[in-house]
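Engineer: coords below, sequence missing:
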């Protein structure tokens, strides 16, 4: 390989038709009359190793590019997802605020009638659905979204407790209003 001026790691030396190992001396393979027929041939393993190394390099480069693109995409996706979560929390809070006016009216002017019982049942169910909806909103690790959801859950939970109290007063035979 040295005489042929080629990289020794990419060729295989054959002496008299037999491949030499790296630690073999070509003289060891000489015929009885001392003649040597040496040929330098491409090593198929070296070609495979080179191709494997190139494939690894290309895969690593593609993974790196994909990760960079994904991180850019995720940063904008995360911001959009956080906005959607915040909007969903705000929408559900506004919906419950509208219903809280009805809870206030029932506390002030409620009676023991069937319509009042029906409205209390509806409000109780609406607040339970709101809590389930808020529970399903992922905070995405954002403290602001988590805090907003926590405030909303506490608000809705307080409204639900007021409705439960009115329902229990009605069940005891009193009126919904205090």
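Structural biologist: Nice, I can see it. Note that this is a predicted model, so its numbers are computed, not measured.

Engineer: and stretch 88-104, average pLDDT?
Structural biologist: Stretch 88-104 shows a mean pLDDT of 92 in the predicted model.

Engineer: next secondary structure after the host helix or strand of residue 91?
Structural biologist: Assigned by DSSP states H and E, residue 91 falls within helix 44-109. Tracing the chain past helix 44-109, the next element assigned as helix or strand by DSSP H and E is helix 114-135.

Engineer: would you mark the buried spots in that following helix?
Structural biologist: Burial within helix 114-135, assessed by neighbour count using 16 or more other CB atoms under 10 Å, is assigned to 116-117, 119-120, 123-124, 126-127, 130-131, 133-134. Backbone N, C-alpha and C define where each C-beta goes, glycine included.

Engineer: for stretch 95-111, same thing?
Structural biologist: Judged by neighbour count (16+ other CB under 10 Å), stretch 95-111 contains these buried residues: 96, 99-100, 102-103, 106-107, 110.

Engineer: so can I have TSV of the buried residues of helix 114-135 showing pLDDT and distance to residue 140?
Structural biologist: As requested, these are arranged in TSV below (pLDDT from 0 to 100; distance: CB to CB, whole Å):
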residue	pLDDT	distance to residue 140
116	85	41
117	86	40
119	89	36
120	90	36
123	92	31
124	92	30
126	93	26
127	93	25
130	93	20
131	93	20
133	91	16
134	92	15
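
Engineer: out of the residues you listed, who's nearest residue 85?
Structural biologist: The nearest member of the buried residues of helix 114-135 to residue 85, counting by CB to CB, is residue 134 at 10.2 Å.
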